[in-house]
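Any chance you could fold what I've pasted below:
(one chain, ligands or ions: 2)
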Amino acid sequence: MKKVLLITGPAGDAQGWGDLSVTENVCQAIKESGYDAQIAFVNTMEEFNDAIENLSYDIVWSCLYYISDKSETIGMSNGEWLADIFDEKKIPYIGPDAKCMKALIHKTATHDILDTKGVAVPYHFQIASGDDLPDVAFPAFVKPSYESRSVGINDDSVVNTTEELARQIQYIHNTFDQPALVEEYLPGQEYTVLMLGNGEHQEYIPGRVEVDPELFGKYPILKSTMRGVGVTKIKPTTKMTQQANDLCRQAMEALNCLDHVRADMRLDAFGNLKIIEVNGIPGLKPLKSWSPQMFTMQHPSEQGPMEDYRKLINHIVTSAMARSGLI
Ligand SMILES: Nc1ncnc2c1ncn2[C@@H]1O[C@H](COP(=O)(O)OP(=O)(O)OP(=O)(O)O)[C@@H](O)[C@H]1O
Ligand SMILES: [Mg+2]
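Numbers count the residues shown, from 1 in each chain. Ligands and ions are numbered 1, 2, ... in the order given. Predicted coordinates for the structure are as follows:
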């Protein structure tokens, strides 16, 4: 029986699909859907190297871009990307390749690649500490360059004056010690599209992000306080379905995404969809994360959402094994 080695660590929730309990759910789902699986919880590069050298497995699935003890924020790697090591050692792995993963964790890099290839993204400026303020049209949106789970996003993320822009950029530098990303504020409906599998195993599932409007503050944006608490629901799209799928497909092709990747997007002031960001390790918390919600929305089974969750995990693993020539 083919075996998956799941890699996680203290940074699993910030960087990857969730904390250790989520990885345990993924492991269980793999075992209940026809493959074997084992978790390696690694705190250091030494423990990581030990796991990949000494455990037996056919393919790796990492919940981490790189090893870190930071459990609240992602930040940037010191250069040791796990996917680079898998490539070096010719270890098959689930998820996008190293080049794609490095682009996805870096929101400006993602925007730049998409922009070059003609995929719609907001105007954007990466502002490091000491850089001049960008000359932007207001309102603009200010966020960290390398975070997820809406870390660093609050009501002040939408800025309307040069003073507000300067203050929010400073907040990002001081709080997260990383460049700020200043981009066009996209005021319209938010969508997310899941790309699942590759080739003949591939499907796209579009969803509309719905939140009780009373929970929004001044702006209809997903603030950090609204994430991981069950208030964001994914509903079937009623409009923009084809446009959302097409935009996601263009982004996935431009970035060379594989297996399980999610593109977040919103409508701009003129009603055009633009990519906000592309998630290389989407959340996999059973029934709560967007991928399981979207899979159940598209493929509800009589046995209920936990069975759908097993099918989602099986779909990702099977598709990755097939492209790696393991099955
Ligand atoms: N340019 C923008 N215009 C309007 N809202 C935005 C913009 N960028 C981000 N947002 C809002 O902030 C939220 C978080 O932004 P984004 O998706 O870039 O960050 P994230 O923290 O990486 O999210 P995820 O948890 O999906 O990884 C979005 O879901 C959206 O509501
Ligand atoms: Mg997002």
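
residues from the stretch 201-327 of the chain in reach of ligand 2?
Asp264, Glu277 (Cβ under 5 Å from the ion). C-beta here means a position set from N, CA and C on the backbone, and glycine is covered the same way.

Please enumerate the helices of the stretch 201-327 of the chain.
With helices called from DSSP state H, counting those that start in this stretch, the stretch 201-327 of the chain shows them at 241-255, 290-298, 305-323.

Ok, the stretch 1-150 of the chain next?
12-15, 20-31, 45-54, 82-88, 98-105, 107-116.

Is it possible to get CSV of the helices of the stretch 201-327 of the chain that adds mean neighbour count?
What follows is the helices of the stretch 201-327 of the chain, written out as CSV (neighbours: other Cβ atoms under 10 Å):
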stretch, mean neighbour count
helix 241-255, 19
helix 290-298, 22
helix 305-323, 21
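
hmm, back to that, out of the helices of the stretch 1-150 of the chain, which one sits most buried?
Stretch with highest mean neighbour count among the helices of the stretch 1-150 of the chain: helix 12-15 (a mean of 23; mean count of other Cβ atoms under 10 Å).

which strands and helices sit next to that one?
Judged by 3 or more Cβ pairs under 8 Å, 6 or more residues apart in numbering; DSSP states H and E, the packing partners of helix 12-15 are helix 20-31.

I'd like the average pLDDT over the helix it packs on.
Throughout helix 20-31, pLDDT has a mean value of 98.

and what of stretch 261-268?
Mean predicted confidence for stretch 261-268 is 98.

ok, now stretch 114-130?
98.

And for stretch 56-63?
On average, stretch 56-63 scores 98.

residues near the closest residue to Glu190 other than its chain neighbours, how many?
Distances taken as Cβ to Cβ, 6 or more residues apart in numbering place Val209 nearest to Glu190, at 4.1 Å, with adjacent residues excluded. Val209: 18 surrounding residues under other Cβ atoms under 10 Å.

What of Thr192?
26.

do Asp97 as well
Asp97 has 15 nearby residues by other Cβ under 10 Å.

ok, back up a step: could I get the helices of the stretch 1-150 of the chain as JSON lines with distance to ligand 1?
Listed next are these as JSON lines, based on distance: least, Cβ to the nearest ligand atom, whole Å:
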{"stretch": "helix 12-15", "distance to ligand 1": "10"}
{"stretch": "helix 20-31", "distance to ligand 1": "14"}
{"stretch": "helix 45-54", "distance to ligand 1": "23"}
{"stretch": "helix 82-88", "distance to ligand 1": "18"}
{"stretch": "helix 98-105", "distance to ligand 1": "9"}
{"stretch": "helix 107-116", "distance to ligand 1": "6"}
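
Can you lay out the helices of the stretch 201-327 of the chain as CSV showing mean pLDDT?
Formatted as CSV, these follow (pLDDT from 0 to 100):
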stretch, mean pLDDT
helix 241-255, 98
helix 290-298, 97
helix 305-323, 97
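
Could I get the ones you listed in CSV, plus columns for distance to Ala51?
Compiled in CSV, the helices of the stretch 201-327 of the chain are given as follows (distance: least, Cβ to Cβ, whole Å):
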stretch, distance to Ala51
helix 241-255, 28
helix 290-298, 25
helix 305-323, 19
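
For those helices, give me CSV that also has distance to ligand 1.
Formatted as CSV, the helices of the stretch 201-327 of the chain follow (distance: least, Cβ to the nearest ligand atom, whole Å):
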stretch, distance to ligand 1
helix 241-255, 13
helix 290-298, 8
helix 305-323, 17
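
for His124, what are its contacts?
Thr108, His111, Leu181, Val182, Glu183, Glu184 (Cβ atoms under 8 Å, 6 or more residues apart in numbering).

Just grab the bridge partners of it for me.
Glu183 (DSSP bridges).

how close does it sit to Ile221?
Computed as Cβ to Cβ, to the nearest Å, the His124 to Ile221 distance reads 16 Å.

Tell me the residue of the protein that sits nearest ligand 2?
Closest residue of the chain to ligand 2, Cβ to the ion: Asp264 (3.9 Å).

Contact partners for that residue?
Glu190, Tyr191, Thr192, Ile275, Ile276, Glu277, Val278, Asn279.

Once you drop chain neighbours, what's closest to it?
Nearest to Asp264 is Ile276, by Cβ to Cβ, 6+ apart, at 4.5 Å.

Just give me the neighbour total for that neighbour.
22.

How about the spatially most central residue of the chain: which residues does it bridge to?
Residue closest to the mean C-alpha point of the chain, counted by Cα atoms, centre = their mean, is Asn279 at 2.1 Å. As for beta bridges, Asn279 partners with Arg262 under DSSP bridges.

which residues does it contact?
Asn279 touches Leu104, Ser148, Val261, Arg262, Ala263, Asp264, counting by Cβ under 8 Å, 6+ apart.
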